[in-house]
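> model this:
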Amino acid sequence: GWPAYLMIGATGGPARGLTNHLLPDPMTPVDPKFPTKELFPGKWKQKVVESDIGIAAVVSGLLVWGACNGFDQVMALYGGPYLIINAWL
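Prediction:
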């Protein structure tokens, strides 16, 4: 669910244009019939960029943790529980 939304905009649907969390501006033109087509209107785009920075920080931290202690430990203590929670949601 959530990773698919982040990467490909799976929850945006065709009514919102081609957009995702990493690209808050729609890549498809806004249809005049649907002026509120944008998934992230107005000042939300800045919040999306700030959230992207947070995601990058977490991924960087996981990579450093994996480099220092082994990726098997990261998967056991973070990856596995993350997958279970995502499946549950």
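> so where do the helices sit in this protein?
2-8, 44-69, 71-74, 80-88 (DSSP state H).
> what is the rounded mean pLDDT of stretch 77-89?
Mean pLDDT, computed over stretch 77-89, is 87.
> now stretch 64-73
97.
> follow-up on the earlier one: TSV for the helices of the chain, including mean neighbour count and distance to Leu22?
Quick note: C-beta positions are derived from backbone N, CA and C, even for glycine. Output for the helices of the chain, formatted as TSV (neighbours: other Cβ atoms under 10 Å; distance: least, Cβ to Cβ, whole Å):
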stretch	mean neighbour count	distance to Leu22
helix 2-8	13	7
helix 44-69	12	6
helix 71-74	14	22
helix 80-88	10	18
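> which residues touch stretch 57-77?
Tyr78 (Cβ atoms under 8 Å, 6 or more residues apart in numbering).
> using CSV, write out every CA atom in it.
What follows is stretch 57-77 as a C-alpha-only set of coordinates in CSV (Å, rounded to 0.1, in the frame of the first residue of the first chain):
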residue,chain,number,x,y,z
ALA,A,57,16.9,10.7,6.0
VAL,A,58,15.3,7.4,7.2
VAL,A,59,16.5,5.5,4.1
SER,A,60,20.0,6.9,4.6
GLY,A,61,19.9,5.9,8.3
LEU,A,62,18.9,2.4,7.3
LEU,A,63,21.7,2.1,4.8
VAL,A,64,24.3,3.3,7.4
TRP,A,65,22.9,0.9,10.0
GLY,A,66,23.1,-1.9,7.4
ALA,A,67,26.7,-1.0,6.4
CYS,A,68,27.8,-0.9,10.1
ASN,A,69,25.9,-3.9,11.4
GLY,A,70,24.8,-6.0,8.4
PHE,A,71,21.7,-5.8,6.4
ASP,A,72,20.4,-9.0,7.9
GLN,A,73,20.1,-7.2,11.2
VAL,A,74,18.2,-4.3,9.5
MET,A,75,15.8,-6.8,7.8
ALA,A,76,15.3,-8.7,11.1
LEU,A,77,14.7,-5.6,13.3
